[in-house]
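1. curious how this folds, go ahead:
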Amino acid sequence: MPFDPEATGVIPRLDPASLQAAPDAKTDTPPDPSPDAGSEADSDADSDAGSEADPDAVGDDAVKTTAAFRIPTTPSTLRIGGPPATPPSETDTLPSLPVPQPTEEEADDTKPEETDASGEADASEEVGTAEEPAAAVEGAAAKQADVATEVGAPEEADVGETAPFERVVAEPVEAATAVQAVAPGPVRQAAPPPRASRLAALVAGAPKWLPVVLVLEGLLMYVLALKVSPGPLRGVDPADINGLGLISALPVSAFAAILIMIVSFFVTVAQSTDRKFLLLFQIAAITFALHGAGALVAEEPRFPTAYIHAGFVDFIARTGDTAISIDGRMGWPGFFALFAFVTKTAGITDLSPILNWTPLLSNLLYLLPFVLILRQVVATTRARWFAALLFVLVQWIGQDYFSPQGFTFALYLVFVAILLRWFGRVEPRTKPVPAKGLRRLLGRLDAMTPGELANTGMFRADKLLMLMLMVALFAAATASHQITPFMMLGVLTAFLLFKRTTLTWALPFGLGLVVLAWISYQTVGFWAGQIDAIFGGLGDIVSNLQRNTGDRIEGSDELHAMVLQARLGILVVILALAAVGLLRRLRRGVFDRAALILLCVPVLALALQSYGGEIGLRIYMFALPGACLLAAYAFFPNLPADSADVREETVPVRRLNVRFDPELTKKVSLVLAACFAVMFSMAFLVARYGNEKFERVTSGEVAAMHYVYEHDKPSARVVYLVPKEGPEVTPTLPWGERDIELVNFAGQALVHKDPANIKDVVDRLRPGPESPRNTYLVVSKGQVSYLQLNDGFPADWGERFRAALDASPDLKRVYANEDAALYTWGKFVRGTEIPEPRPWQGRGEPTSPWTPLGVGALAVSWAALFGYEVIRLNGSRRAPRARRWLLWVAVPTFVVAVGVVVERFVYIAGIN
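-> This next block holds a predicted model:
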């Protein structure tokens, strides 16, 4: 094929002395009929390293067949016999020679050649060397325009004095310099390329610029569709939001914009090159459209629970202390303390912008470690990037708001990425496969091609740095969240069991001791009086599963029931695709242990407890990385082209001996993947924003809460509406943004479907120990919407309920707007004072007799286990005696430390 300098950026330097004379310069070199050596055996094999040509790989043959020489139209000077002559003047003429006139067919060849897609004429021809320049010039001139006279004699003839022209001596020229010769006859100027050729070149380059244009167009179109004032095909009117959530109020142009961005992604991923930055930008744009929709249309930061987390940050910034007696979540204050430090240092007083954009920023942050995880698996480019897209499309859980769970999930992904990238292990099986039984099946699985890449070429200093980072990530997650460290520990243990890491068992034992120590010594105020509530759900898998699935699909609103069914539908589809992907990889002889571990380990959390009815949501969230990777294999299961075990696009049906066309199956796979992506994007809008009617926070609700904060001196109590009383029912309003030590949100008022039945509400506000002076009943739009969608309350219940409260002689309305109202008791006995706030400093944490010994054993055990792991980084044979002594120290101290932790649970629970 002709040399294209645009493709490699290298122009070879040609030496005329090295060129070989062509037998017939006019004869074109026939194309090589052999297939392109760089073609992929697997039609889907477009890995990172398998598709680009080496720019330096230009051999001698390539030089001979790709050197392009142009014959200029301006005359040059030739040397005629004897000594060198001076250039002729304008009046000088050349000897009269018979010049053959070109025929009509030959004259057509003198027209300018059309340009190819790169914009350059294809003028590559073989030319002679300095030994036969006449033949070389003759061939080049005849190919460019057959108007020049044959110069010189045949190759075997002597071209001395009998030749009318002496041999032209070719000077050494660069490849980019054209060989000049005289072309007698009229001079023709080359015509500019026609407009049709430029248009054809533009169309030919569409794969490069079209995806960029599409994604930018989709982004601009989406922002305009959501931010402009409501109108035809544009804008979002909150009044249009119904039981389906935000999707019911989105304009058609927003859906078209999402479709355009998804099409842009698949146009890029269908190409044979891995355009990493463009693909990452396209996924980020889709993430912005899906996860940023709430922030684009929100009056105030959405999701009420985010406000109490902002209150924890405010409290720590003001007092420099935690208050586990106020809220159990303060026993894990790592996330709140970090943001308290950042906001106080930066002088930030209003967290509203942070609360509003945290969901989008969190999902963009999740992409980075997940892409690093995908780089460590043996998969094609299409499979990797489609898995990243799926990770964005099916992450509807909504735990990415301003919360410790959203923060520690990012830590979890980084932890897994480091474990795979720097401590991954892939060892081929050397033992023979057993003859029969279960061991034969396990042996065959173990003998398959690993689905992960091995860690090679790492310096010990890099490994030590990454090990320290893993320990720091685990410690941060332990101090910030209750579940995430157990997920990290489970994945690490599974990697050790299935021999997919070079780390040793010293690390999980040391990290497990970190979790036990934190719970035992730092969260006493949380577990001291509720041991049964913490450990009561251990092993009760059926009950925990029921509370996370069946109990959530009980809303009487038909549209809202579709939202809950859509969430379960996404779960079923993604798990089904993961199963199909696993089977297709096994058919190709690939066993993806890492993906299976990431999928299955979080499911074990069902045996722990219900976690307030949300353990199922957390399991789904932590299982997403493995599920999305296996689901991508359902469409693109092949190995990359640079793998040592490349398979074909499809596995033939053995019984029928049918083999499908790889090109056809590649196109079908892309189309099916695109269809599923569009389906998931629409289902995401329903599943993620289906609760928007009560998760959306209005300015009126925030204003009502600010009224309470302005009147909470020295304290205040807030009573909220509930369909049933219980500790797991939280307020559906922006509560706890300020003064968490002054305002108590522990009051619940039972309401009924009959809005006129306010007896329980009045009794709840009646003055007493639970309802002192400065107690407020909050009636908000979010609470009313929750009752309507989840408990079947009438559509006009909110207006009628507020009218009944206004008519009650016992209550008094102290604040009201369109979205919220505050009520308090009408008359108090003279002299009734507002009570002092409950103390938050606590009375000191209880301890046990063996606690000092346990603290010492913890320190020694950690030092020994960590030292053992550090020495082991140098190799399995390094310092065996030192490692043996460290184990002799670590084992007994570990047993003592765990024994003291158990003793503290028993002793402290007994005295409380």
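
2. surely Tyr776 and Arg717 touch.
-> Yes. Tyr776 sits in contact with Arg717 when judged by C-beta atoms under 8 Å, with a separation of 7.1 Å. (Each C-beta comes from the backbone N, C-alpha and C, glycine too.)

3. mind listing what's buried along the lengthiest helix in the chain?
-> Longest helix of the chain, by residue count under DSSP state H: helix 880-911. Judged by neighbour count using 16 or more other C-beta atoms under 10 Å, the buried positions of helix 880-911 are 883, 886, 889-890, 893-894, 896-898, 900-901, 903-905, 907-909.

4. just stretch 459-466 next, same as before
-> Of the residues in stretch 459-466, 463, 466 count as buried by neighbour count, 16+ other C-beta under 10 Å.

5. quick revisit: show me what the longest helix of the chain is packed up against.
-> Here helix 880-911 is seen to pack against helix 506-522, helix 524-527, helix 851-872 when contacts are counted using 3 or more C-beta pairs under 8 Å, 6 or more residues apart in numbering; DSSP states H and E.

6. gap between Ala383 and Gly589?
-> According to C-beta to C-beta, to the nearest Å, Ala383 stands 16 Å off from Gly589.

7. who has more neighbours, the two?
-> Higher neighbour count among Ala383 and Gly589: Ala383, with 31 against 14, using other C-beta atoms under 10 Å.

8. just the element for the residue nearest to the spatial centre of the chain, please.
-> Per C-alpha atoms, centre = their mean, the C-alpha nearest to the average position across the chain is that of Leu367, at 2.6 Å. Leu367 belongs to helix 352-374 when assigned by DSSP states H and E.

9. one more: Thr343?
-> Assessed by DSSP H and E, Thr343 sits inside helix 334-346.

10. tell me the SS of Val426?
-> Here Val426 is coil, with the state taken from DSSP: H, G, I helix; E, B strand; the rest coil.

11. and if you look at Val779?
-> Val779 falls in the strand class when you classify it by three-state DSSP.

12. go on, Ser229?
-> State at Ser229, reduced to three classes by three-state DSSP: coil.

13. that one and Gly235 touch, don't they?
-> Yes. Shown here, Ser229 and Gly235 form a contact pair, counting by C-beta under 8 Å, at 5.3 Å.

14. compare those two (neighbour count), which wins?
-> Taking other C-beta under 10 Å, Ser229 and Gly235 do not tie; Gly235 has more neighbours (20 against 8).

15. ramachandran coordinates for that one?
-> When quoted as degrees, to the nearest 10, the phi and psi of Gly235 stand at phi 80, psi 160.

16. quick one, what contacts it?
-> Each residue near Gly235 by C-beta atoms under 8 Å, 6 or more residues apart in numbering is listed here: 225-226, 228-229, 251.

17. low-confidence ranges in the stretch 651-800 of the chain?
-> Low-confidence regions of the stretch 651-800 of the chain, defined by pLDDT under 70, span residues 651-659, 728.

18. could I get the full set of helices for it?
-> Taking DSSP state H, counting those that start in this stretch as the criterion, the stretch 651-800 of the chain carries its helices at 662-688, 692-695, 699-710, 759-765, 781-791, 797-807.

19. now the ones you listed in a markdown table, with mean neighbour count?
-> Formatted as a markdown table, the entries for the helices of the stretch 651-800 of the chain read as follows, by neighbours: other C-beta atoms under 10 Å:
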| stretch | mean neighbour count |
| --- | --- |
| helix 662-688 | 18 |
| helix 692-695 | 24 |
| helix 699-710 | 18 |
| helix 759-765 | 18 |
| helix 781-791 | 22 |
| helix 797-807 | 16 |
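
20. relative to Asn356, which of those helices is closest?
-> Each of the helices of the stretch 651-800 of the chain was scored for nearness to Asn356 using C-beta to C-beta, and the closest is helix 699-710 (12.3 Å).

21. helices or strands next to the closest one in the packing?
-> Contact analysis of helix 699-710 by 3+ C-beta pairs under 8 Å, 6+ apart lists strand 775-780, helix 781-791, strand 811-816, strand 820-825 as its packing neighbours.

22. contacting residues around that helix?
-> 299-300, 307, 716, 718, 733-735, 737-739, 743, 776, 778, 780-782, 814-815, 817-822.

23. now stretch 862-879
-> Applying C-beta under 8 Å, 6+ apart, the external contacts of stretch 862-879 come out as 460, 463-464, 467, 471, 503-504, 506-507, 509-510, 513-514, 882-883, 886-887, 889-890, 893-894.

24. one more time with 6 Å, if that's ok
-> Surrounding stretch 862-879, the residues in contact under the criterion C-beta atoms under 6 Å, 6 or more residues apart in numbering are 460, 463, 504, 506-507, 509-510, 883, 886, 889-890.
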